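Participant: Okay, sequence plus prediction incoming.
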Amino acid sequence: MKKISSIYKVMAVIVMAVLITGCQDTLTTDSQSSLMKDKFYTTQGNMDRALIGVYGCLKPFSTYYFAMSENRSDNMLNITESKKNEYADCAQFNSTGLLNDNIVYNCWADHYALIAAANGLLANVNNISYTREGTATQYSAEARFLRALAYFDLVRYFGRVPVSTQELTVEEAFNLKQSEPAQVYEQIVEDLTYAEENLADEAKDYTGATRAERATKTAAQALLGKVYMQMAGYPLYDATAKDKAKEYLGKVLTTVGLLSGGNVVAGATPSKYWALDADEWNNMWFHENDNRYFIFEIQYACSKNQGNPMTPLTHKSESSKTKFCNANLVVGPHAYVERSFVANHFVGADNVDEEGIPLDKRYPNSINLIPESSSSDDDIIASDGDAFMPKFFEHKVKRSTYGYADMDDQIVDRTYWPQNFPILRLEDVMLLYAECVGKAEGLPLLNLIHSRAMDYSYPSSLSESRFQQYVMEERRIELLGEGHRWFDEVRNKTFVNDIKAKFEYYRENCDRNHSPKYSVYANQVTVNGRYYPIPLSQMQVRDGLYTQNDGY
């Protein structure tokens with residue numbers, strides 16, 4: 001990941017309509033680089049390509065969900081020295097290193113690239129006529145949905161961030177101050193409300209062709225529900241947000257037949273976005289099933305620089321690359337699936353059958369703990385062997401096991417992995433709704449997910465506190481690797497205790513020559529860690545323009 005060195009370019013990412021040449025590589029025009037903005041938004045086809053460009057800006061986002069959320073949470077352990085690996089800055093709460101961390105910088109820049117692209121489209125979408133009635137409104141709604149998603153990530157990563165809903169001149173960009181988180185959320189809700197009111201159940205382009213990869217009304221409702229749940233928790237504690245979350249999450253569940261008249265339908269299974277059994281659940285993690293099970297997902301393709309950039313991050317080393325794939329995957333954080341809870345859930349003594357097979361049927365596409373030699377110097381880590389998350393890693397062993405043709409010769413390098421990344425999943429919505437409404441209403445939703453994986457249901461005798469505990473544990477396992485855990489820990493304000501406990505576990509159980517570093521990591525975890533720092537390059541654009549987050 002290469003930093004843009006010029007301060008002008010750092011700010012210009014907010015100003016430029018980068019979709020014309022920068023956000024996506026999939027547009028095929030005669031001369032992308034020569035398309036001037038005032039000539040680009042002149043035809044229906046160009047406007048549609050501009051919208052594709054906004055979607056294309058999502059391409060690097062999976063990296064940040066993994067590196068800045070999953071990797072930072074108690075789902076994973078990163079043992080690399082921070083000075084050798086920038087992913088470790090995120091995982092080990094290295095406040096000094098994070099100021100100049102390329103991952104953090106690129107996260108900021110890429111999200112504002114999407115916002116600039118969306119603002120460019122919104123400023124011009126009504127300037128032409130369309131064959132299909134309502135196209136301009138729909139495209140506006142899609143752009144606002146994507147802009148809201150970008151701001152939702154930014155406010156969760158950084159807290160106070162600049163907000164713009166229009167194209168900016170360079171001078172305007174250099175004077176755009178931060179907004180408080182509550183103000184950022186106001187804009188997110190405004191955009192998503194517009195999207196929810198103007199998107200259809202099925203997305204179409206200007207020709208009337210169905211576009212399964214684009215945002216729908218259901219996607220807007222699901223994202224609104226997630227936004228309100230985040231607002232209801234730390235640090236905003238918005239007293240009205242939880243009822244709003246229930247409303248919009250409930251709309252999604254009504255659409256799929258799980259709710260009727262505001263009540264959970266006894267014995268119902270979802271009519272869409274749902275794998276009926278564990279076998280189908282494991283099969284949905286192949287690119288052949290893209291745009292079938294997820295409410296909204298980032299699109300990838302098996303071609304140069306069009307693959308999922310998260311895939312190489314999920315495999316720790318190249319020690320077994322010939323066993324799993326021929327492409328060199330060494331690029332990632334060298335992080336391991338956390339053992340004290342996550343790995344133990346699948347392979348602990350109480351969680352396997354008499355033959356040692358994990359009772360949780362999600363195991364094959366959640367983690368891999370094949371016992372092989374490891375270069376780790378921590379005994380407890382080495383015992384995990386070749387530990388990684390295979391959800392987004394369509395290696396040849398996995399494809400062969402599930403009856404899919406070998407595609408290893410198509411994976412030329414780490415930029416070719418084609419599996420889409422889910423932003424919004426029905427299981428996420430179901431568990432958020434269960435958390436929101438409590439055991440009396442939410443237990444059937446929890447059990448739908450849990451019984452599919454484990455062949456048993458939780459009893460109605462559960463206390464409310466135990467029910468909430470199981471909901472969070474189910475979110476942790478069902479959504480493993482998808483970037484939700486850190487945000488859950490922040491909104492529930494458990495992240496300090498959770499992460500400290502993770503480091504303490506390894507301090508007590510690893511080789512004593514290496515245990516001191518886990519004490520250092522634990523001491524670096526404070527409540528200020530709820531946000532990443534504003535990248536130092538941004539802070540230096542203009543003295544006094546931004547206020548740095550506490551603790552940096």
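Facilitator: Great, that's in hand.

Participant: And the nearest residue to N119 once chain neighbours are set aside, what's its pLDDT?
Facilitator: Once its chain neighbours are removed from consideration, N119 has its nearest residue in E167; the separation is 5.3 Å (C-beta to C-beta, 6 or more residues apart in numbering). For every residue, glycine as well, the C-beta is placed using N, CA and C. Among the per-residue scores, E167 holds a pLDDT of 94.

Participant: what about E167, which SS state?
Facilitator: Following DSSP: H, G, I helix; E, B strand; the rest coil, the label given to E167 is coil.

Participant: quick one: it from L121, how far?
Facilitator: Distance, E167 to L121, by C-beta to C-beta, to the nearest Å: 10 Å.

Participant: Repeat that for D279.
Facilitator: 41 Å.

Participant: what about the two, which has more around it?
Facilitator: In this comparison of D279 against L121, neighbours counted by other C-beta atoms under 10 Å, the higher total goes to L121 at 26 against 10.

Participant: my guess is the more buried one contacts L51, does it?
Facilitator: Yes. If you go by C-beta atoms under 8 Å, L121 and L51 touch, sitting 6.1 Å apart.

Participant: what about the helices in the stretch 251-400 of the chain?
Facilitator: Secondary structure of the stretch 251-400 of the chain, counting by DSSP state H, counting those that start in this stretch: helices at 278-283, 321-324, 344-347, 379-382, 396-401.

Participant: First residue to last residue on stretch 173-186, what's the distance there?
Facilitator: Counting by C-alpha to C-alpha, to the nearest Å, the length from the leading to the trailing residue of stretch 173-186 is 21 Å.

Participant: I would like the residues contacting it, please.
Facilitator: Residues from elsewhere that reach stretch 173-186 (C-beta atoms under 8 Å, 6 or more residues apart in numbering): 11-12, 14-15, 151, 154-155, 159-164, 168, 187, 227, 231, 235-236, 238, 541-542, 545-547.

Participant: What's the ChimeraX line that selects buried ones from those residues?
Facilitator: One line in ChimeraX is enough to select the buried ones among the contacts of stretch 173-186; burial here means 16 or more other C-beta atoms under 10 Å:
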select :11,12,14,15,151,154,155,159,160,161,162,163,164,168,187,227,231,236,545,546
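
Participant: among the contacts of stretch 173-186, which are in strands?
Facilitator: In strands, defined here by DSSP state E, the members of the contacts of stretch 173-186 are 161-162.

Participant: for this protein, what spans make up the strands?
Facilitator: Taking DSSP E as the test, the strands found in the chain are 76-78, 161-162, 178-179, 259-260, 263-264, 296-298, 335-337, 368-370, 386-388, 421-424.

Participant: list the buried ones in the first one?
Facilitator: Read it as strand 76-78. For strand 76-78, burial by neighbour count (16+ other C-beta under 10 Å) applies to 76-78.

Participant: for those, which one is nearest R485?
Facilitator: Of all the buried residues of strand 76-78, the one sitting nearest R485 is M76; the distance, using C-beta to C-beta, is 8.9 Å.

Participant: so how far is Y552 from that closest one?
Facilitator: When C-beta to C-beta is the yardstick, M76 and Y552 sit 23 Å from each other.

Participant: So, low pLDDT: which residues of the stretch 451-552 of the chain?
Facilitator: 511 (pLDDT under 70).

Participant: ok, 50 please
Facilitator: Judged against pLDDT under 50, the stretch 451-552 of the chain has no low-scoring part.

Participant: before we move on, what about the stretch 151-300 of the chain?
Facilitator: For the stretch 151-300 of the chain, no stretch has pLDDT under 50.
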